[in-house]
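# Have a look at this prediction, sequence included:
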Amino acid sequence: MKKIKDAFEGIRAEESLKKNTLKAIYADNKRKNNRAQSFAFKKAVLSTAAVLMAFSLVAITSHNLYFTETAYIDMDLNPSLAIAVNRFDRVIGIEAYNEEGEALQEAVGLKYKRYDDAVEELIEWMNQQGYLQETGLLSITLQKKNPADEEVMLEKIQTGAEIAVKKHHEAVEIEIFVVDEETREDACAVQLSPAKYIAIQELQELDETVSLEECRGHSLKELREQVNEHKQEHRRQRKRKGHGGNH
Amino acid sequence: MRTEAETMRAIETYADSIRRICFIHLKNYADTEDVFQEVFLKYVLYEGDFESDAHEKAWLIRVAINQSKDILKSFFRSRVRSLDDMNIEPFYLEEDDRQVLDAVLRLPENYRDAIYLFYYEGYSAVEIADMLGKKENTIYTWMSRARSKLKDVLGADLENEKD
């Protein structure tokens, strides 16, 4: 059908796409000793080739092994995004939860990097863009399909995050915890990071009038503050009832 | 491992076809970049030899389709989208072309592949079946249903097209 042929004729590969693809595949991949920020495609071809070629001797599903997600690291500062990690501790996917996350996703090249390096680079970028404030709260959750080595992964994420954050802001609060698969799936279903989803659920338990949509635009820190305010109010009310009952 | 020169040639020769495959399947430009890099990385690392340019192109298209489907099957949920939802639109499209592409994008995934490979790339149903790992009759069924849906939306007469 000529109409279909003509319509598709207008779809062409962008020159930047072709150029970036070639660059990404053959980029030089020196790691800087001081772990300074670099958005170049570090060691992608050599390390990926080594892993892929090693597995081609083992199984016909080798490429599936490499591209299978085994863990998810969700970061919420606003930007909010998630990193998918494979069994070789490499980033194989990134998904943004909000517009700021999308900007970050497009700006920072994280594919095939080690997850702890990726976390550091993300935090560096967030700081450069002004998202990392002195009174901010950075929340990171980990969901691992196989709980083995979970503690090791948590420790590496924590170390990487603390190094990156404390370089710029001593007082930024960092929290890192594990979530289960069901919680993460529920959070993803409504396009929220697990930390934010849990905070909204907690707020809704305290205040039934609060809706998910009205909470979506709030930062995690704001939600936690609202939760604390409600808890304090509940405590005050219980206290008042207690005094009233003593008459 | 293929050389940079070989890869550059492959990118220059087949990038548009791979781009169109990405366009059919993916939700955003970031995924397109991912699939592009993975397709050509696989090309670089592929140890076999291609019998001809046609064989090479068919191989790349098959990898691109599989890679696009894999990225959508991953845990990250995809959103419903139309042509207007793409977050980057570098193409200048006439209104008629936009309507056609929008109609194609609203087809089920498999039908989109069949329509694109048949009407744009010029593959036969037999060749498409081989490329997608399906039976020939399946491709005929997809084509028939796709044409019917497109005819409803576009009002186009597709009766005289080859099979």
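Structure received. Note that the coordinates shown come from a computational prediction; the quantities given were computed from them, not determined experimentally. Numbering: from 1, shown residues only, chains lettered A, B, ... in the order given.
# tell me the contacts of the residue most central in space within chain B?
Centroid-nearest residue in chain B: B:I21, 2.6 Å away (criterion: Cα atoms, centre = their mean). Residues near B:I21 by Cβ atoms under 8 Å, 6 or more residues apart in numbering or on different chains: B:61, B:64-65, B:68, B:113, B:116. Quick note: C-beta positions are derived from backbone N, CA and C, even for glycine.
# In chain B, mark out all the helices, start to finish.
Taking DSSP state H as the criterion, chain B contains helices spanning B:4-25, B:29-45, B:53-73, B:95-105, B:109-115, B:125-132, B:136-154.
# could I get these as TSV with distance to A:E150 and mean pLDDT?
Output for those, formatted as TSV (distance: least, Cβ to Cβ, whole Å; pLDDT from 0 to 100):
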stretch	distance to A:E150	mean pLDDT
helix B:4-25	34	93
helix B:29-45	27	86
helix B:53-73	25	89
helix B:95-105	41	86
helix B:109-115	35	91
helix B:125-132	39	93
helix B:136-154	44	89
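# could those go into TSV alongside distance to A:E233?
Below are those laid out as TSV (distance: least, Cβ to Cβ, whole Å):
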stretch	distance to A:E233
helix B:4-25	50
helix B:29-45	43
helix B:53-73	45
helix B:95-105	50
helix B:109-115	51
helix B:125-132	60
helix B:136-154	55
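# out of those helices, which comes closest to A:N98?
Proximity to A:N98 (Cβ to Cβ) singles out helix B:29-45 among those, at 14.3 Å.
# Within reach of chain A, which of the contacts of B:I21 are there?
The subset of the contacts of B:I21 lying close to chain A, counting by Cβ under 8 Å from any Cβ of the partner chain, consists of B:Y116.
# Mind picking the one among the contacts of B:I21 that's closest to B:K135?
Using Cβ to Cβ, the contacts of B:I21 come closest to B:K135 at B:D113, 14.7 Å.
# how about the closest residue in space to A:S219 that isn't next to it in sequence, secondary structure?
In this structure, A:S219 finds its nearest non-sequential neighbour in A:N78, 4.9 Å apart by Cβ to Cβ, 6 or more residues apart in numbering or on different chains. Three-state assignment for A:N78 (DSSP: H, G, I helix; E, B strand; the rest coil): coil.
# what's near enough to touch A:N78?
So A:N78 contacts A:98, A:100, A:131, A:219-220 (Cβ under 8 Å, 6+ apart).
# same deal with A:K221?
By Cβ under 8 Å, 6+ apart, the contact set of A:K221 is A:135-137.
# which of the residues you listed are buried?
Among the contacts of A:K221, those classed as buried by 16 or more other Cβ atoms under 10 Å in any protein chain shown are A:136-137.
# Next step: the contacts of A:K221 restricted to strands.
A:L137 (DSSP state E).
# Just the strands from chain A, written as ranges.
Ranges of strands in chain A, per DSSP E, are A:71-76, A:80-85, A:91-96, A:137-144, A:173-178.
# if we can go back for a sec, wait, which of the contacts of B:I21 is closest to A:R236?
B:S68 (55.9 Å).
# residues near the closest residue to the closest one other than its chain neighbours, how many?
Computed as Cβ to Cβ, 6+ apart, the closest residue to B:S68 that is not its neighbour in sequence is B:H25, at 3.7 Å. B:H25 is flanked by 23 other residues according to other Cβ atoms under 10 Å in any protein chain shown.
# how far away is B:H25 from B:L45?
Using Cβ to Cβ, to the nearest Å, B:H25 is found at 22 Å from B:L45.
# Now do the contacts for A:K196.
By Cβ under 8 Å, 6+ apart, the residues touching A:K196 are A:76, A:80, A:97, A:139, A:187, A:215, A:220, A:223.
# By neighbours, which of those residues wins?
Using other Cβ under 10 Å as the neighbour criterion, A:D76 leads these with 27 neighbours.
# Please name the residues that touch the nearest residue to it once chain neighbours are set aside.
Spatial nearest neighbour of A:D76, excluding adjacent residues (Cβ to Cβ, 6+ apart): A:S193 at 4.1 Å. A:S193 is in contact with A:74-76, A:80-82, A:97, A:139, A:141, A:187, A:220, counting by Cβ under 8 Å, 6+ apart.
# Now do the phi/psi pair for A:Q191.
Dihedral pair for A:Q191: phi 60, psi 40, per degrees, to the nearest 10.
# Without its sequence neighbours, what residue ends up closest to it?
A:Y97 (5.7 Å).
# repeat for A:I94
Nearest residue to A:I94 in three dimensions, chain neighbours excluded: A:Q105, at 5.1 Å (Cβ to Cβ, 6+ apart).
# contacting residues for that neighbour?
Taking Cβ under 8 Å, 6+ apart, one finds A:81, A:94-96, B:30 in contact with A:Q105.
# tell me which of the residues you listed is nearest to A:L154?
If you rank the contacts of A:Q105 by distance to A:L154 using Cβ to Cβ, A:L81 comes first, at 18.6 Å.
# dump the residue contacts of the closest one.
Neighbour list for A:L81: A:74-75, A:94-97, A:101, A:104-105, A:122, A:193 [criterion: Cβ under 8 Å, 6+ apart].
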